[in-house]
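Novice: Predicted model, plus sequence, below.
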There are 4 protein chains.
Amino acid sequence: MEKGDGNEGASAFHMPEWMIQFADQKQEFNKRPTKIGRRSLSRSISQSSTDSYSSAASYTDSSDDETSPRDKQQKNSKGNSDFCVKNIKQAEFGRREIEIAEQEMPALMALRKRAQGEKPLAGAKIVGCTHITAQTAVLMETLGALGAQCRWAACNIYSTLNEVAAALAESGFPVFAWKGESEDDFWWCIDRCVNVEGWQPNMILDDGGDLTHWIYKKYPNMFKKIKGIVEESVTGVHRLYQLSKAGKLCVPAMNVNDSVTKQKFDNLYCCRESILDGLKRTTDMMFGGKQVVVCGYGEVGKGCCAALKAMGSIVYVTEIDPICALQACMDGFRLVKLNEVIRQVDIVITCTGNKNVVTREHLDRMKNSCIVCNMGHSNTEIDVASLRTPELTWERVRSQVDHVIWPDGKRIVLLAEGRLLNLSCSTVPTFVLSITATTQALALIELYNAPEGRYKQDVYLLPKKMDEYVASLHLPTFDAHLTELTDEQAKYLGLNKNGPFKPNYYRY
Amino acid sequence: MEKGDGNEGASAFHMPEWMIQFADQKQEFNKRPTKIGRRSLSRSISQSSTDSYSSAASYTDSSDDETSPRDKQQKNSKGNSDFCVKNIKQAEFGRREIEIAEQEMPALMALRKRAQGEKPLAGAKIVGCTHITAQTAVLMETLGALGAQCRWAACNIYSTLNEVAAALAESGFPVFAWKGESEDDFWWCIDRCVNVEGWQPNMILDDGGDLTHWIYKKYPNMFKKIKGIVEESVTGVHRLYQLSKAGKLCVPAMNVNDSVTKQKFDNLYCCRESILDGLKRTTDMMFGGKQVVVCGYGEVGKGCCAALKAMGSIVYVTEIDPICALQACMDGFRLVKLNEVIRQVDIVITCTGNKNVVTREHLDRMKNSCIVCNMGHSNTEIDVASLRTPELTWERVRSQVDHVIWPDGKRIVLLAEGRLLNLSCSTVPTFVLSITATTQALALIELYNAPEGRYKQDVYLLPKKMDEYVASLHLPTFDAHLTELTDEQAKYLGLNKNGPFKPNYYRY
Amino acid sequence: MEKGDGNEGASAFHMPEWMIQFADQKQEFNKRPTKIGRRSLSRSISQSSTDSYSSAASYTDSSDDETSPRDKQQKNSKGNSDFCVKNIKQAEFGRREIEIAEQEMPALMALRKRAQGEKPLAGAKIVGCTHITAQTAVLMETLGALGAQCRWAACNIYSTLNEVAAALAESGFPVFAWKGESEDDFWWCIDRCVNVEGWQPNMILDDGGDLTHWIYKKYPNMFKKIKGIVEESVTGVHRLYQLSKAGKLCVPAMNVNDSVTKQKFDNLYCCRESILDGLKRTTDMMFGGKQVVVCGYGEVGKGCCAALKAMGSIVYVTEIDPICALQACMDGFRLVKLNEVIRQVDIVITCTGNKNVVTREHLDRMKNSCIVCNMGHSNTEIDVASLRTPELTWERVRSQVDHVIWPDGKRIVLLAEGRLLNLSCSTVPTFVLSITATTQALALIELYNAPEGRYKQDVYLLPKKMDEYVASLHLPTFDAHLTELTDEQAKYLGLNKNGPFKPNYYRY
Amino acid sequence: MEKGDGNEGASAFHMPEWMIQFADQKQEFNKRPTKIGRRSLSRSISQSSTDSYSSAASYTDSSDDETSPRDKQQKNSKGNSDFCVKNIKQAEFGRREIEIAEQEMPALMALRKRAQGEKPLAGAKIVGCTHITAQTAVLMETLGALGAQCRWAACNIYSTLNEVAAALAESGFPVFAWKGESEDDFWWCIDRCVNVEGWQPNMILDDGGDLTHWIYKKYPNMFKKIKGIVEESVTGVHRLYQLSKAGKLCVPAMNVNDSVTKQKFDNLYCCRESILDGLKRTTDMMFGGKQVVVCGYGEVGKGCCAALKAMGSIVYVTEIDPICALQACMDGFRLVKLNEVIRQVDIVITCTGNKNVVTREHLDRMKNSCIVCNMGHSNTEIDVASLRTPELTWERVRSQVDHVIWPDGKRIVLLAEGRLLNLSCSTVPTFVLSITATTQALALIELYNAPEGRYKQDVYLLPKKMDEYVASLHLPTFDAHLTELTDEQAKYLGLNKNGPFKPNYYRY
């Protein structure tokens, strides 16, 4: 039961089936990067699906080097060999990418500057497991500038930018990651970060929960010295709530996935742009006059609907939640059941986080040339498996674009095989990644410096004040000028002049 | 400190000064209806400021009747005299208004229907203190249909629709209210609701906290039988949190002001329309090309900005909260300090809930013909008092419109003397009032029927499931069709098919 | 057949039946002001339907003076008696209104200033017949400042602001007009303007064509000295084309109704705002989520659709013209036949200029509480006559709002009895009137000063350069800064640096 | 001087300098495709800049074949050798592309169907010179189905899709075109179309005027049998007006570039989408909160502004034309001079058709990372030449993206070297090309079938009725249902039930 202006604890949230299925999914690990949540896209990943636009074209090509990095002996220019990357000689190219990223991540650069005197992470020993990209490198070097020691592995076997990893190794970071790891490599890299003589981590930065999982399994005693876990993915956060519910979480953990700033940018604002981008890059279609049904009116759905409406599409919405449904109505969208419009729409977009939202039956009823794509959480929303039957012909017409052809000649245009359209067919702006990285840095600082007792063995949201701080660090990008409360106003409102400015239940 | 996905209790919210000042403000009680929150507008109030459009014109006029209702002996057609209204003979006119309102409040009518068999409020004795309007009458008669006995007083000395009060009295409701009560009348009416021989309330429905305050002060023992308080105003809710913090709250209370549906409709959606309406009715201005600064980017500010942008105005935003500020940026508004644009804007709109947002200094610098108005919480946002100095001339050019004239001839157009524009110069659609009334009804049902122990002596938000239920009752208005989860989907998401569908921290 | 980049002459435009019917309509002259086109609304007219907001409330009331102005002997303070108004003593009140209007008509004031040295209308003797309002007064006094002598009558028997007429008479303008003229008065006033000893007009400014008609009929020889006619109404313009086609037009005429600036402001931009205003003031309805059908997607329809879509309505469009229909599609509106949606919509708006667009059959099929209104050219679009049958009950619920009730209880909400909603239920901003008045002034200057032979006995559009000039005079209102072509750029584009900047067929 | 409701002829339009310069530009012919107007983009061109998404990837690759097509002996399967293409064996691949295009060009397919009985082009001998793409092929085969004989050359040396040319040759069309022609090849191909024994063209379809120019120069006598020219490009149309002005145009010509449907789709609707697409594909930037200045508020500028505003950018506009400037104001954009905002904006977009709109001085003052691009008519708008100075470093970071680096490290991001962004970095939807092609087909039919005397030796716009017909043929794509006038309504409006529905000066 809800109490006051507060909310129930983590334990009240039901355990969804897909989390229970998680172990099974791990078996598919090496097949494709399905576990990458939308929220942790690195520039490199999206580049992987958009090669021709990637500056990676200028990178040194080492694809012909077949030797496993684990079998190589490499040293950086200072003679240090505590790392394992594809090719240390690519460091210079990676450094240039990092420098470009620095220009677009002013918040982290500001953090470096503000922390020049004090070192809020002095003594921190952070072990990290994230995508390894130029943006991550800016984060790592910021953590270093704030006083921390870092060791790092990749959270995805495909997403590492080898040149960036090389640049980090060159400047002394123990990095263990390369593009195209095997599953064995994956765990070996993580282990090399954690299992070091004479060095024991006291902070964890995780993306997906694999690092946390490994320490739980192999080095549970390490948690005695660990002050906290910062986790940014949907998947990892759910695993933490699961641990907490089971009473097995033995350190405080910070769920940075659900911070206000991150949510709004990852979902509403980012998807408002990437739905258009993803559709254009794959199909070159015209939006004006098109009939579209968007399944789900959460933040992602809201972003998709707003963008398509603005471009002249006629948008229908389906929802299961009456509150979101009422919002859709007031925002000017007809709320329908999918069946009501399935015969007439030109585009079907799923944003529900649910499974089998678009079924074979729906697909059978769509009109010729209907485009079907997914902007939701995982690849379960469209029942793509149901299309892999003998009577249907698949025709790959472009990268990420399949025509599925019915016996009568009807074609459905399926994008990214039902996987995330914006992950597969568009890019994530550095600005969004900057917000994520800043949030992570602040969460690490908070957990590391929190006085004894402030955090218990539970999962916490980022304190609102820090969420506000992340936002404030990004305002200069827009040449935006914040107003300060006068003393009299602060007193009138009962607020501290430096925030937090809102009660926790505020919805923005 | 925030914990898990939840939020801290009421106690963590700082006590704003304006609440402390509340007692002082009460002295101004009879001067003007300043205590009316935006959220509790009745149609009649807004009509009072828009007489010419009011259907009230067709009402029977009893303004020449100078006798105080307290001095009259009136009986309804069944001989009942347990009420005190202006003129029982106006009942027929009031009944017609109620019938019209019934057509526009399908949710309450649906509640009546669904509860035909069971009477979820059987045995409930509800004492209420709200604006007395046709919409309130539909609520009261719904509560009656659900099994409750009701006694009612007005929460505002001006807002009672005499004809509606008469209609309620005629159909047997003990109503004690008329338009133009004195302060003494005000408390007398409340007392007549509460202090009845052989009848003791077990539920309170309050709007502003005066009824609750009276019982606390005069009949504290009554709380032994009272199962709960439902409060809908900002002011009343804060008083309850104050009591709770002080450990003096002796029954469970439901804060219905902060339910999702109510907030979005009262603030975002309603203000999106009423800002345009209020400005047009008062000034007949053209929006296209006008430069506007909106102070505050909460729900109200968001609504104002969206509407004006859509009408072709160029909108600037001021904010103190960096998160809201970043939202303004992403939504396409220049974030400025008021001083940066004050010389160039054509319109200044305050939506902060703060005080002295627009100061005399700002007013001095505005350009000729600048329009200044307030959409925020109270009449403190614009420092109107600072304009009442000898060198400035005030000229009333229309109802609710003053020209304040500087010695050099510059004119500022001040609307509603800085009070709420949408309260004073536009109307609140019945649809919004329907959502509020339905929320109140469901909160009463919940508190009355909750098993022992579900609610303690604290302030609660409406359970999300009921919030969702309110929304679902209003979907038919839009011919909106909700999708139902399949069993498989519900299991996958770990949700009950009937909701609630979101974690409590979900922001919509 | 179209030729080159140009267009065919007036003769190619088919003569619509409603013009032929014009003579018949004149019989209804005194019944209601049906001949007022949207394009010639004065503030006073709209005020007449919105009395409570009108500053007219402060006017002196002379309604009890039953003497006809024609029977009175009045002199202004200088002893002049060459005028006929209601009451010369109201001059002071009218002067104040004129002064306020001057502030909002910067373009005309700028014209006065620029023409201080030269008097481009020196020697001009202008006879005018327009609505007589504060804005007209600013126009007349501007013409005077430019050197012209003027005599003026009202083009509508209801629309004269008596105080303004008095103020004009007081400052020496021979004005013949009052509110509530009989038809005989109407023609008498016109005659008094034209038929003067020792004074013969050489320019005509007409609104509706009645003045022109009178001179044609009574004083055809006058045309020998007349240099041209400026006409601003749809009706008057069509009469001129009719004359031209019949070879009877004996002086050049300027059609200012179809100038770009005037069209866009009168139709697109003005209606974008007045549709919302008109609906709110009459019904207090909420726009969000409402289903609306807009009949006609010309400029007026485009404005209505854009506004309602922006407020969250779901908008359907009907069209007969495939080009406008395709525009509606690309702008995001479902193009339907009225029958397809008539059962489901909450609002029906006509903007076609056509007749019987909404028939009794449609009205029979509408759902309960459907709102029906007209934004189009005349009152023919909705077949209101078909509703005046015995089985239907009419209930006037507010000014301009009727409920038409079917035997089964269904109610249709009919606004303004099918007349123009924005004429009847909202106001026209002074800014729009300023554009119209400036266009008229420039057209008079152009025709008066044109060298022999530039204009023949035909109907002309305002030269594009003057249309551009009108626009440029209004830019300062928005603090808008125009860019000037460099010599090199002008040469490159083959344009004069001062315009005109576009070929005549340019569509804006 | 303007007359009536019409427009002046072509002769009144000043000869722009850039047309006079045309001869000089021809010298650059082989360097880059600068003469390609926005209006004649083929899918293949845009594909050339977006290779990875191009279905061309599946095409047969004949790039290793260095033999000039002119030196090859090729026959199609029927033994016909009257063509010259790269490789006749690619026909099958081209046919598949044509079939896909057919699905997206329903209007042409409908024309084929409707003309099955009659052959409106029976006897027509059309010589064409356009981009040779799948869409053109659908047009050519439609002309064939309507009875015409066609011979075709390419209007651009780069844009020919070899596979499509092969497919056309295979099905019997004499096509002379390949990708990568030399200038000599270019004229040789044109000559092969025209100079044929026993076949003389009687219709010309031109795109750019080169074919027309060639016939004028080499075979002037041919014009005796030619019934007309259809020209679709800005450049070609201006050349025709030049000829007309000089009295040298010896057949009727149809300017299809300025038809309503084509203009709105090519400019407003297409650019509304392609500005977003072009910016995203090149820079992956986020639009929200960005400050943008758009130079020029014609149709292209209107489209760009609307799209960016909708995505949350803050948009400033510059204009030289006060009418367009006033529109920008009313649409909610600050109208500025470029200098006022050049230091603060994140993006500069030119849409003027003018030259040196963005000068080196502007570029010097832009802030770091400012993006500069051109959506206007040609590559003259940004003074790119001024950036090719020794102190500035150019760095190609992606295809179509250059960083120009100032000595102090400031970088400007220049897109497409100042050429058209939407030509270079996005695609043109088939739907837009369908409108163009249908317009061309109807213009050919009209000119070919016009009775003697309807058209003289002048340049004509497409008759409005045909423009309306093009629109009506595209409505089924949107499942849009047009309303038909009743007889009574048509009579009332004085219109034919089948159109045209508007006077020629109507602006849409």
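Specialist: Noted; the coordinates are in hand.

Novice: how about the strands in the stretch 401-508 of chain A?
Specialist: Assigned by DSSP state E, counting those that start in this stretch, the strands in the stretch 401-508 of chain A fall at A:401-405, A:411-415, A:459-461.

Novice: nope, the stretch 201-350 of chain A is what I meant
Specialist: Using DSSP E, counting those that start in this stretch, strands in the stretch 201-350 of chain A cover A:203-206, A:228-231, A:253-255, A:291-295, A:314-318, A:334-335, A:347-350.

Novice: Compile these into JSON lines and extend it with columns for distance to residue A:78, mean neighbour count and mean pLDDT.
Specialist: Using the backbone N, CA and C atoms, a C-beta is placed for each residue, glycine as well. Output for the strands of the stretch 201-350 of chain A, formatted as JSON lines (distance: least, C-beta to C-beta, whole Å; neighbours: other C-beta atoms under 10 Å in any protein chain shown; pLDDT from 0 to 100):
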{"stretch": "strand A:203-206", "distance to residue A:78": "25", "mean neighbour count": "27", "mean pLDDT": "98"}
{"stretch": "strand A:228-231", "distance to residue A:78": "30", "mean neighbour count": "26", "mean pLDDT": "97"}
{"stretch": "strand A:253-255", "distance to residue A:78": "34", "mean neighbour count": "28", "mean pLDDT": "97"}
{"stretch": "strand A:291-295", "distance to residue A:78": "54", "mean neighbour count": "25", "mean pLDDT": "98"}
{"stretch": "strand A:314-318", "distance to residue A:78": "57", "mean neighbour count": "27", "mean pLDDT": "98"}
{"stretch": "strand A:334-335", "distance to residue A:78": "63", "mean neighbour count": "24", "mean pLDDT": "98"}
{"stretch": "strand A:347-350", "distance to residue A:78": "51", "mean neighbour count": "28", "mean pLDDT": "98"}
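
Novice: can you list those strands in CSV and add distance to residue C:87?
Specialist: What follows is these, written out as CSV (distance: least, C-beta to C-beta, whole Å):
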stretch, distance to residue C:87
strand A:203-206, 84
strand A:228-231, 82
strand A:253-255, 77
strand A:291-295, 62
strand A:314-318, 58
strand A:334-335, 58
strand A:347-350, 67
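
Novice: Could you pull out the buried residues of the longest helix anywhere in chain A?
Specialist: If you go by DSSP state H, chain A has its longest helix at helix A:430-449. Neighbour counts over helix A:430-449 (16 or more other C-beta atoms under 10 Å in any protein chain shown) mark A:430-448 as buried.

Novice: what do you get for stretch A:162-178?
Specialist: The neighbour-count check on stretch A:162-178 (16+ other C-beta under 10 Å) flags A:162-171, A:173-178 as buried.

Novice: Mark which of those residues are part of strands, please.
Specialist: Residues of these located in strands (DSSP state E): A:175-176.

Novice: what's the closest of the buried residues of stretch A:162-178 to residue A:329?
Specialist: Closest approach between those and residue A:329, by C-beta to C-beta: residue A:164, at 46.6 Å.

Novice: residues touching the closest one, list them.
Specialist: By C-beta atoms under 8 Å, 6 or more residues apart in numbering or on different chains, the contact set of residue A:164 is A:44, A:94, A:97-98, A:132-134, A:136-137.

Novice: Using CSV, lay out the residues you listed together with secondary structure and neighbour count.
Specialist: Output for the contacts of residue A:164, formatted as CSV (DSSP: H, G, I helix; E, B strand; the rest coil; neighbours: other C-beta atoms under 10 Å in any protein chain shown):
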residue, secondary structure, neighbour count
A:44, helix, 26
A:94, helix, 28
A:97, helix, 23
A:98, helix, 24
A:132, coil, 31
A:133, coil, 27
A:134, helix, 28
A:136, helix, 34
A:137, helix, 27
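
Novice: what's the farthest-apart pair in these?
Specialist: The widest separation within the contacts of residue A:164, taken as C-beta to C-beta, falls between A:44 and A:98 and amounts to 12.5 Å.

Novice: Report the set of residues contacting both of those two.
Specialist: Common neighbours of residue A:44 and residue A:98, counting by C-beta under 8 Å, 6+ apart, are A:134, A:164.

Novice: Mind telling me what element residue A:151 is part of?
Specialist: For residue A:151, the element it lies in under DSSP states H and E is strand A:149-154.

Novice: Please name the strands paired to that strand in the sheet, noting orientation.
Specialist: strand A:125-130 (parallel), strand A:175-176 (parallel) (DSSP bridges).

Novice: Which ones among the buried residues of helix A:430-449 also lie next to chain C?
Specialist: Among the buried residues of helix A:430-449, no residue is within reach of chain C (C-beta under 8 Å from any C-beta of the partner chain).

Novice: on that earlier part again, if you count contacts, what does the longest helix of chain A end up packed against?
Specialist: When contacts are defined as 3 or more C-beta pairs under 8 Å, 6 or more residues apart in numbering or on different chains; DSSP states H and E, helix A:430-449 packs onto helix A:106-114, helix A:134-145, strand A:203-206, strand A:228-231, strand A:253-255, helix A:260-263, helix A:464-474.

Novice: now it against helix A:106-114, angle please.
Specialist: With axes from the mean of the first three to the mean of the last three C-alpha atoms, to 10 degrees defining the directions, helix A:430-449 sits at 40 degrees from helix A:106-114.

Novice: can you tell me the average pLDDT over helix A:430-449?
Specialist: Regarding helix A:430-449, the rounded mean pLDDT is 94.
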